[in-house]
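Asker: Fold the following.
(one chain, ligands or ions: 3)
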Amino acid sequence: MQAWKEYQAENKDRFLSELLDLLRIPSVSADSKYKGDVSRCADAVLAHLLAAGCDTAEVCPTQGHPIVYGEKIVDASLPTVLVYGHYDVQPADPLNLWTSGPFDPQIRDGKIYARGACDDKGQMFMHIKALEVMAKTNSMPCNVKVMIEGEEEVGSTNLGKFLQDNKERLKADVVLVSDTSMISMEHPSIESGLRGLAYMEVEVTGPNRDLHSGVYGGAVANPATILCQMIASLHDENNHITIPGFYDKVDELSAAERAAINSAPFDLEEYKKELGVNEVWGEKGYTSLERTGIRPTLEVNGIWGGYIGEGAKTVLPSKANAKISMRLVPNQSSDEISDLFKAHFEKIAPSYVKVKVTAHHGGEAVVTPTDSPAYKAAAKAIVTTFGKEPIPTRGGGSIPIVALFEKTLGLKTVLLGFGLDNDNIHSPDEKYDVFNFYKGIETLPYFHKYFAESFGK
Ligand code: BES
Ligand code: MN
Ligand code: MN
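Answerer: Ligands and ions are numbered 1, 2, ... in the order given. The predicted model follows:
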């Protein structure tokens, strides 16, 4: 499409500078200190949607952070693509590990460094720019609805209700999301699944106050030691998770499906080198691609207790805590797994301590079909702009709302992400390649074109 190409070429510098402006807004959803910035970011997204050519757009307030919604309906007989993304970002700390400020975007070596560069401002902004390209060249193959939320990184607390309340308005033929990664630009891929999540917090309490570790140590159980023992027992010697019933509903894949997953290019030596580890770790009997794609896992996200300040303080802490999450695969239910975890953790607690287990947000796993017209349109779009057939992969991350698109709106999702696994999302020095940003803007309109064609339009 020549008109698309020309419009992109003429406006590419502006597209990039607009993204950098968006990245300057610290829209950290988890920290109430940034509430004003989050709402300022929603306003900025609204302005971009209107400028891109939406007929209508609005900031929809919620109990938490606002959702930005806009649409451009060109012809009721055309199919409709519902684009989803998020404008909120993860907290930036630890700040001292960033080469440049997380909200002072800088381009080094062709990469944009900033919190949210890849997850998800850089990627959701590609959709707004793709919409602009199609709208301003009067060549919209589909109707477009855009929903950009501000609470993805805190569990999309209020988006489920928004879906319920706006079923009519959100009517569409498919959901299109760019919030996942590709293997590499040489090996373009499309994620055909996401894992679910159950996130728990535990508190182990020993004595009723912090104690002198010489006067009492050795005679009273130390909750930090007990917590470590309890956590260590959650994996067995084969790194299987020991919670009774944990694997009961796990979908076991056929040998052919496993072979397909393992046929994706993956260099174990390169992987270890890049992460600075001597060996990989994981559930016995599975490859690294399977461990992150199709197997459930359990991770300690944070653990604390006792004295962590400067110098040494001899103390036997009264309490120790941890945040523990489990990634889930299709068929496992987030609520059921949370309940199993709680029952097990309470059961294994020795009588020296009391434990309190609470559940945070969660979400269900999804598998997106690879034989649907929507997936095929995405694959064809990739072939058009990358000159290669994309490889279907199973992603390890979670986007809990995707399961609700299906449950509430009856819509399947296509995960057309352009990030890379080493983009440092949620980490210091998050980045997104300028090349990927432009490639996304170039590819997305073709999705709309081929999707419309699959409807005979
Ligand atoms: N974009 C990520 C999810 C993701 C990353 C999927 C890479 C596939 C590949 C999303 O913003 C995210 O971080 N999700 C959270 C869950 C959420 C409930 C906080 C996650 O996966 O930890
Ligand atoms: Mn994301
Ligand atoms: Mn994220």
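
Asker: Contact partners for the residue in the chain that ligand 1 sits nearest to?
Answerer: Residue of the chain nearest ligand 1, by CB to the nearest ligand atom: Gly397 (2.5 Å). Every residue, glycine included, has its C-beta placed from N, CA and C. For Gly397, the contacting residues are 180, 194-195, by CB atoms under 8 Å, 6 or more residues apart in numbering.

Asker: so which strand or helix has it?
Answerer: Gly397 belongs to no helix or strand when assigned by DSSP states H and E.

Asker: Buried members of the contacts of Gly397 into ChimeraX, please.
Answerer: The ChimeraX selection below is limited to those of these classed as buried (16 or more other CB atoms under 10 Å):
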select :180,194,195
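
Asker: Identify, from the contacts of Gly397, the entry nearest to ligand 2.
Answerer: Using CB to the ion, Thr180 is the member of these that lies nearest ligand 2, at 8.1 Å.

Asker: on that earlier part again, turn the contacts of Gly397 into TSV, including distance to Asp88.
Answerer: Shown next, in TSV, are the contacts of Gly397 (distance: CB to CB, whole Å):
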residue	distance to Asp88
Thr180	17
Leu194	18
Arg195	20
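
Asker: Tell me the one of the contacts of Gly397 nearest His360?
Answerer: Lowest distance from His360 to the contacts of Gly397 (CB to CB) belongs to Arg195, with 16.0 Å.

Asker: quick one: the residue of the stretch 251-400 of the chain found nearest ligand 2 and Thr180, what's the gap?
Answerer: Nearest to ligand 2 in the stretch 251-400 of the chain, going by CB to the ion, is Ile399, at a distance of 6.6 Å. Noted for Ile399: a distance of 8 Å to Thr180, by CB to CB, to the nearest Å.

Asker: for Asn278, same thing?
Answerer: Taking CB to CB as the measure, Asn278 falls 29 Å from Thr180.

Asker: what do you get for Pro91?
Answerer: Counting by CB to CB - Pro91 and Thr180 are separated by 21 Å.

Asker: If you tally nearby residues, what's the number for Glu10?
Answerer: Glu10 has 9 neighbouring residues, counting by other CB atoms under 10 Å.

Asker: right, I mislabeled it, should have said Ser254
Answerer: Per other CB under 10 Å, the neighbour tally for Ser254 reads 8.

Asker: what's the answer for Ser454, then?
Answerer: Neighbours of Ser454 (other CB under 10 Å): 16.

Asker: Leaving aside the residues adjacent along the chain, what's closest to it?
Answerer: Once flanking residues are discounted, Ser454 sits nearest to Pro373: 3.8 Å by CB to CB, 6 or more residues apart in numbering.

Asker: Just the helices from the stretch 301-450 of the chain, written as ranges.
Answerer: Along the stretch 301-450 of the chain, counting by DSSP state H, counting those that start in this stretch, helices occupy 334-348, 373-386, 401-409, 434-454.

Asker: got TSV for those helices, with mean pLDDT too?
Answerer: Supplementary listing: the helices of the stretch 301-450 of the chain in TSV, determined by pLDDT from 0 to 100:
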stretch	mean pLDDT
helix 334-348	98
helix 373-386	98
helix 401-409	97
helix 434-454	98
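
Asker: Reformat those helices into a markdown table and put distance to Leu19 next to each item.
Answerer: Formatted as a markdown table, the helices of the stretch 301-450 of the chain follow (distance: least, CB to CB, whole Å):
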| stretch | distance to Leu19 |
| --- | --- |
| helix 334-348 | 33 |
| helix 373-386 | 19 |
| helix 401-409 | 23 |
| helix 434-454 | 7 |
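
Asker: wait, which of these is closest to Val133?
Answerer: helix 434-454 (5.8 Å).

Asker: any idea how far that closest one is from the chain center?
Answerer: Its chain's C-alpha centre and that of helix 434-454 lie 21 Å apart, by CA atoms, centre = their mean, to the nearest Å.

Asker: and that helix, what does it pack onto?
Answerer: In terms of contacts (3 or more CB pairs under 8 Å, 6 or more residues apart in numbering; DSSP states H and E), helix 434-454 is packed against helix 2-23, strand 80-86, strand 111-113, helix 121-136, strand 174-177, helix 373-386.
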